[in-house]
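Chemist: Need a 3D model of the sequence below.
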Amino acid sequence: MLIVDDESDVREFARSFFRKRGIEVLTASGGLQALDLIGKENPDLVLLDIRMEEMTGIEVLRRLRQSNAKTKIIMVTGVEEEETIKEANTLGVVSYIHKPLILEELEKIVLAQLKQIS
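Modeler: Numbering: from 1, shown residues only. Okay, here's the model as predicted:
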C-alpha cells in the first residue's frame, strides 16, 4: 500500500495506523515521488491526496493510468469539487476518504479493498 500526501503528519499517522495492522506501507510526499515508487514497487492500493503542491492527485492519477490500469486508487480529499470527483471516477477511482481522517472509516475502506485484491 502507498500513502501519498504532502502533509507529513497525515502520512506518518496513516502509515503507523496500518503498520500496526500488519499492512506493508510505503509513503510519498508528492506526485513525482509517488509515480516513481509506483513504477518501482507496484503497490496494489494507493491512498492519494487530491490537493498537493507539487502536482495534484488528479494529475498523478492521469499519469498512472497511462501505464497502469490495475492499481486501486482511493482519493483523499478535504473538499468536494464536483468536476474533480467526476474526472477521478472516469479514471477508475475505487473510493473516497474525506479529511479529517476518521480512523474507523479509513480502516473499513482500505481493508475492504485489500481483501478484494488478495
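Chemist: can you count the residues close to the closest residue to Arg15 other than its chain neighbours?
Modeler: Nearest non-adjacent residue to Arg15, counting by Cβ to Cβ, 6 or more residues apart in numbering: Val25, 4.6 Å away. No exception for glycine: its C-beta is placed from N, CA and C like everyone else's. Neighbours of Val25 under the rule other Cβ atoms under 10 Å: 18.
Chemist: And Val60, by the same measure?
Modeler: 26.
Chemist: Look at it and give its secondary structure.
Modeler: helix (DSSP: H, G, I helix; E, B strand; the rest coil).
Chemist: what's it in contact with, if anything?
Modeler: Neighbouring residues of Val60 by Cβ atoms under 8 Å, 6 or more residues apart in numbering: Val4, Gly31, Ala34, Leu35, Leu48.
Chemist: tell me the pLDDT at the residue nearest to Arg15?
Modeler: Looking at Val25, its pLDDT reads 97.
Chemist: swap in Ile117?
Modeler: With respect to pLDDT, Ile117 has a value of 82.
Chemist: What of Asp6?
Modeler: Reported pLDDT for Asp6: 93.
Chemist: Check whether the residue nearest to the spatial centre of the chain sits in a helix, strand or coil.
Modeler: Closest residue to the average C-alpha location of the chain: Leu47 at 1.6 Å, with Cα atoms, centre = their mean. Counting by three-state DSSP, the backbone at Leu47 sits in strand.
Chemist: still on that earlier bit, kindly list the main-chain dihedrals of the residue nearest to Arg15?
Modeler: Recorded main-chain torsions at Val25 are phi -130, psi 130, according to degrees, to the nearest 10.
Chemist: just Ala28 next, same as before
Modeler: Given degrees, to the nearest 10, the pair of backbone angles that Ala28 has is phi -140, psi 140.
Chemist: Which residue is the nearest non-sequential neighbour of it?
Modeler: Ala34 (3.9 Å).
Chemist: could you pull out the strands for the chain?
Modeler: 2-4, 26-28, 45-49, 72-77, 95-98 (DSSP state E).
Chemist: Please tell me how far Leu48 sits from Gly22.
Modeler: 22 Å (Cβ to Cβ, to the nearest Å).
Chemist: of the two, who's got more company?
Modeler: Leu48 (28 against 6).
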